[in-house]
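pasting the structure only:
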């Protein structure tokens, strides 16, 4: 989906929603859009200024974004943000970038022949549970 495309609410008509009172929309955020891009488009589509999201997704992430429209829904944002979350992803073995994500191209490559499937599962298991993520220091 291109950033210039509009968001459409599938299999429902606007009359099925009461945006003024409050609705929580489950949006599959497209790759390369910011969470704010999505909110801006929902505001434009609904005409409701009181619109926000319950958690930012990185522009390079796609997935579920909860968009709250109207006063009753936006009042629930803090509660929704406090809920449990589950993340999934895809990794590339044997390559790194200077910023530790795909904002920059791979800059170093390493041999992966010594990595077994059991090693991968063990490493993945270490990411289960609650954790605090540190943002890497990266200067372009």
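Yep, that arrived. The structure presented is a predicted model; accordingly, all values stated were derived computationally and were not measured.

what segments of the chain are strands?
23-29, 51-53, 63-69, 95-96, 108-109 (DSSP state E).

what packs against the second one?
Using 3 or more C-beta pairs under 8 Å, 6 or more residues apart in numbering; DSSP states H and E as the contact criterion, the secondary-structure elements in contact with strand 51-53 are helix 35-46, strand 63-69. No exception for glycine: its C-beta is placed from N, CA and C like everyone else's.

ok, the fourth one next?
Using 3+ C-beta pairs under 8 Å, 6+ apart as the contact criterion, the secondary-structure elements in contact with strand 95-96 are strand 108-109.

now do the contacts for residue 81.
Residue 81 sits next to 54, 55 when contact means C-beta atoms under 8 Å, 6 or more residues apart in numbering.

now do the residue lying closest to residue 111 once chain neighbours are set aside, the pLDDT please.
With C-beta to C-beta, 6 or more residues apart in numbering as the criterion, residue 111 has its nearest non-adjacent residue at 6.8 Å, and that residue is residue 94. Listed pLDDT for residue 94 reads 95.

ok, residue 48 touching residue 20?
Yes: taking C-beta atoms under 8 Å as the definition, residue 48 is a contact partner of residue 20 at 6.6 Å.

which one's more surrounded, those two?
A direct count of neighbours by other C-beta atoms under 10 Å for residue 48 and residue 20 places residue 48 higher, at 18 against 14.

enumerate every residue touching the more buried one.
So, once contact is read as C-beta under 8 Å, 6+ apart, residue 48 ends up touching 19, 20, 69, 70.
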